[in-house]
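Enquirer: Please find the sequence and the predicted model below.
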Amino acid sequence: MNDREMSCNTGGQFMDRGRMNQNGVVQPLLTDLYQITMAYAYWKSDKTDDQAVFDLFFRNNPFHGEFTIFAGLEECLKFLDSFHYSQSDIEYLRQTLPEGIENEFFEYLGNLTAHDVTLYAIDEGTVAFPRVPIIKLEGPLIIVQLLETTLLTLVNYASLMATNAARYRMVAGKHVKLLEFGLRRAQGPDGGLSASKYSYTGGFDGTSNVLAGKLFNIPVKGTHAHAYITSFSSVGELKTRLLKHKQTGIMEDLLEHAIRHRQMLSHVLDVSTEESSEGELAAMVSYAIAFPDGFMALVDTYDVKSRVTEQVTQVSYVQTDNKSRTTTAATATTTTATITNGLPPTPPATPQAAAANGQLSGRKNSLSQTELTNGQSNSTEPAQTDIVNATTTTPTINTSTSNGTAYLPKYVEKSFRSGLLNFSAVALALNDLGYHALGIRIDSGDLAYLSCLAREAFEKVADRFKVPWFNKLTIVASNDINEDTILSLNEQGHKIDCFGIGTHLVTCQRQPALGCVYKLVEINGQARIKLSQDVEKVTMPGNKNAYRLYSADGHALIDLLQKDSELPPAVGQKVLCRHPFQESKRAYVIPSHVESLYKVYWKAGKICQQLPTLEQVREKVQISLKTLRNDHKRTLNPTPYKVAVSDNLYNFIHDLWLQNAPIGELS
Ligand SMILES: Nc1ncnc2c1ncn2[C@@H]1O[C@H](COP(=O)(O)OP(=O)(O)OP(=O)(O)O)[C@@H](O)[C@H]1O
Ligand SMILES: O=P(O)(O)OC[C@H]1O[C@H](OP(=O)(O)OP(=O)(O)O)[C@H](O)[C@@H]1O
Ligand SMILES: O=C(O)c1cccnc1
Ligand SMILES: [Mg+2]
């Protein structure tokens, strides 16, 4: 049994082939059946020694953007390095392929390796553009063909993911931390692992995925789930309240400290202790005892959202006057407006702004512990902390009125502030014992508004309790965040230090596939072209080289494809760059710097370059993105980056096109 089989049989994800580790699922049978049937037909037709050139490229940038980050190269090289069919693979193929396949073919397959293949590629982590091959393979037709599907699966998602992550990084800015939380929502275990790896490549700071941390040496980070909070309902459940003072080593009652602080904080934060959850306090105390130096708490547990169909209880509001920007308490007795889960029409910038335009109403509506714990959304029980004088009614809360007066449901703030009060109390208790808490996570509601509210609360506590480090507490936000959410939050003015992002990031919801293809461009020295009604799908024939031409200010100007027989463009010399298909589109470029995009990465059975670490690839992404002008990178209507062909290649393509396009006959 070989290494791979052992790894698979023992359920091990990664194998150690002595030289390089690779996910055990990446193996020659991880391909489409037609690659193997074609291999047999090539073999039967005596095409074993034909020399082929294939290009691996994509036709369009993802996410309505104008750039793509190339990723996955290292995995491709590991695949070439380990490429061979095991005895059990051959056995399986014997049973699976149609009857009549000659025995010698299986012997041939059994001895096949990627030794005679040469692989050229752009550096991993570099920005890449449509139609410029990111990988080019030369070698015996059969083997190069057999590599197609596996190489595509290794590059497509990796590049899509790295690009997605890089886009999140761009909109978040370099000072905000980005954590990948997507494993639970990813396309299966392997999708989850790749997402963690390539989101790190693209610029994320860490992942919650522990195996990814171990395998790829990525920082692993995390907070805790709502379940931890809801698993406690009173302080009586605390099995221990004692924590060692960090400096004196004396055991002290953390709960006692927390309760004392909670009393004082309730005035500062304007939330009564009765209104905050005791279970939440107990949970936070116990978590702090477990992690006194890393206390980070989820503060939005006792907060629920309302839906049109939900029954809600009578609630208290703060009535807000848009003109005077003053707030007065009011009580709604019957409610008849619609509560939606959608976003406010114009998002609030700050708590004040939110209050001023009443936008918080109807976003996150109330708090009901029952709903949270049993998952029902039509609870008729009063919420544990916020809703007073509960009576069930049909939900109808007006978010604004015609005279410009808006209602801000007071309980929205209150429910959130239960978490803030309890967190602050526990953090101050920890402070008494010589520890500094890390911060909070907000996982629902209006993230801009609530982050501002939290920051304001922390500033007050820092000031009143003389704990300046409270100003530095980290605010993590999560909940269905995507690129547009971050852009919108930026506009609103949030106080978030870190985004935890799962679903939209790992599933690449906005565009779930990159669409890389693998096309034969030359066979035995003869260029091949694939024609299509759709000009975009016409392949660039022949063995080509690719260059990136730079302007004097260091920005990438254009990518130029040439026939491999042509001399490279030279610095300071005028080069004619032509649109590959539109005759009138051409330009002279005098490059200040010329970058030859391809390096030989694999030749004669060996990796020929020092492979960068994941960390280095991650740095490369940022360096490479800097060479792109901002107008290519903006999210709305970015300027397309130009990809051109040399005059020579242009004429070659069009001659070949004419030769290959059949002349129709009109009758
Ligand atoms: N200020 C904001 N501006 C723009 N988008 C926001 C803002 N605050 C939150 N969001 C986004 O709005 C969406 C809120 O969705 P939804 O109403 O379903 O969640 P929720 O009710 O707040 O939370 P839960 O996950 O507990 O149901 C999320 O995608 C979130 O990222
Ligand atoms: O929202 P995402 O970007 O996917 O980030 C990951 C989510 O995973 C967790 O939610 P959980 O699975 O507990 O479920 P939830 O949707 O009810 O919050 C966490 O609280 C985040 O909300
Ligand atoms: O650590 C977290 O906070 C986390 C991890 C996975 C998903 N959601 C949140
Ligand atoms: Mg969520």
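Expert: Right, received. Where do you want to start? This one's a predicted model, so the numbers in the text were calculated from it and none came from an experiment. Ligands and ions are numbered 1, 2, ... in the order given.
Enquirer: Okay, helices next: where are they in the stretch 501-650 of the chain?
Expert: For the stretch 501-650 of the chain, the helices defined by DSSP state H, counting those that start in this stretch occupy 503-506, 614-626, 630-633, 647-660.
Enquirer: buried set for the third one?
Expert: Across helix 630-633, burial judged by 16 or more other C-beta atoms under 10 Å covers 632-633. For every residue, glycine as well, the C-beta is placed using N, CA and C.
Enquirer: quick check, distance from that helix to the centre of its chain.
Expert: Helix 630-633 sits 20 Å away from the centroid of its parent chain (C-alpha atoms, centre = their mean, to the nearest Å).
Enquirer: All further residue positions should be reported with the first residue as 34.
Expert: Shifting the count to begin at 34 puts that one at helix 663-666.
Enquirer: Can you name the residue of the chain nearest to ligand 3?
Expert: Of all residues in the chain, residue 255 sits closest to ligand 3, at 2.8 Å by C-beta to the nearest ligand atom.
Enquirer: quick one, what contacts the residue lying closest to that residue once chain neighbours are set aside?
Expert: Counting by C-beta to C-beta, 6 or more residues apart in numbering, residue 241 is the residue found nearest to residue 255 once chain neighbours are left out, at 4.5 Å. By C-beta atoms under 8 Å, 6 or more residues apart in numbering, the residues touching residue 241 are 212-214, 216, 253-255, 533.
Enquirer: quick one, phi/psi of the residue of the chain closest to ligand 3?
Expert: The phi and psi values for residue 255, taken as degrees, to the nearest 10, are phi 180, psi 170.
Enquirer: what do you get for the one 10 residues further on?
Expert: Phi and psi for residue 265, reported as degrees, to the nearest 10, are phi -110, psi 140.
Enquirer: does it really touch residue 316, like I thought?
Expert: Yes: if you go by C-beta atoms under 8 Å, residue 265 and residue 316 touch, sitting 4.2 Å apart.
Enquirer: between these two, which one's more packed in?
Expert: Neighbour count, other C-beta atoms under 10 Å: between residue 265 and residue 316, residue 316 has more, with 28 against 21.
Enquirer: Now do the more buried one against residue 483, distance only.
Expert: 19 Å (C-beta to C-beta, to the nearest Å).
Enquirer: Same question for residue 618.
Expert: 51 Å.
Enquirer: The two: who's more crowded?
Expert: Each of residue 618 and residue 483 has its neighbours counted (other C-beta under 10 Å); residue 483 has more, 32 against 12.
Enquirer: list the contacts for the closest residue to the more buried one other than its chain neighbours?
Expert: In this structure, residue 483 finds its nearest non-sequential neighbour in residue 475, 5.1 Å apart by C-beta to C-beta, 6+ apart. Neighbouring residues of residue 475 by C-beta under 8 Å, 6+ apart: 332-333, 449, 483-484, 487, 508-512.
Enquirer: Show the pLDDT at residue 475.
Expert: Looking at residue 475, its pLDDT stands at 96.
Enquirer: For it, what are phi and psi?
Expert: Main-chain torsions, residue 475, degrees, to the nearest 10: phi -110, psi 130.
Enquirer: Check the one 4 residues further on too.
Expert: Reported as degrees, to the nearest 10, the phi and psi values for residue 479 are phi -80, psi 110.
Enquirer: quick one: it and residue 313, what's the gap?
Expert: Distance from residue 479 to residue 313, counting by C-beta to C-beta: 20 Å.
Enquirer: what helix or strand does residue 490 sit in?
Expert: Assessed by DSSP states H and E, residue 490 sits inside helix 480-497.
Enquirer: Parallel or antiparallel, which strands does the helix or strand that that helix is followed by pair with?
Expert: Of the helices and strands lying after helix 480-497 in sequence (DSSP H and E), the nearest is strand 507-511. Take DSSP bridges as the rule and strand 507-511 pairs in its sheet with strand 472-475 (parallel), strand 531-534 (parallel).
Enquirer: can you put the ones you listed in CSV and add distance to ligand 1?
Expert: What follows is the strands paired with strand 507-511, written out as CSV (distance: least, C-beta to the nearest ligand atom, whole Å):
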stretch, distance to ligand 1
strand 472-475, 9
strand 531-534, 9
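Enquirer: what stretches of the stretch 84-233 of the chain score poorly on pLDDT?
Expert: By pLDDT under 70, the stretch 84-233 of the chain has no low-scoring segment.
Enquirer: Which positions in it make contact with ligand 2?
Expert: Residues of the stretch 84-233 of the chain that fall close to ligand 2, judged by C-beta under 6 Å from any ligand atom: 214, 217-218.
Enquirer: Which one (most neighbours) among the contacts of residue 475?
Expert: Within those, most neighbours by other C-beta under 10 Å means residue 483, with 32 neighbours.
Enquirer: isn't it right next to residue 449, touching?
Expert: Yes: counting by C-beta under 8 Å, residue 483 touches residue 449, with 5.7 Å between them.
Enquirer: Which neighbours do these two have in common?
Expert: With contacts taken as C-beta under 8 Å, 6+ apart, residue 483 and residue 449 have 333, 475 as neighbours in common.
Enquirer: Now do residue 408, the pLDDT please.
Expert: Residue 408 carries a pLDDT value of 29.
Enquirer: What's the biggest helix in the chain, counting residues?
Expert: The single longest helix within the chain, with elements called by DSSP state H, is helix 181-205.
Enquirer: Centre of the chain to that one, how far?
Expert: Taking the mean of its C-alpha atoms, helix 181-205 sits 9 Å from the chain's own mean (C-alpha atoms, centre = their mean).
Enquirer: Residue 657 versus whichever residue of the stretch 584-700 of the chain sits closest to ligand 1, what's the distance?
Expert: Nearest residue of the stretch 584-700 of the chain to ligand 1, counting by C-beta to the nearest ligand atom: residue 668, 15.0 Å away. When C-beta to C-beta is the yardstick, residue 668 and residue 657 sit 18 Å from each other.
Enquirer: again with residue 559
Expert: Applying C-beta to C-beta, the value for residue 559 to residue 657 is 35 Å.
Enquirer: Ramachandran angles for residue 85?
Expert: The phi/psi pair for residue 85 (degrees, to the nearest 10) reads phi -120, psi 160.
Enquirer: what's across from it in the sheet?
Expert: Beta bridges link residue 85 to residue 172, residue 556 when assigned by DSSP bridges.
Enquirer: so who does it touch?
Expert: With C-beta under 8 Å, 6+ apart, residue 85 has these contacts: 170-174, 177-178, 553, 555-556.
Enquirer: which one among those gets closest to ligand 1?
Expert: Of the contacts of residue 85, the one sitting nearest to ligand 1 (C-beta to the nearest ligand atom) turns out to be residue 170, at 42.0 Å.
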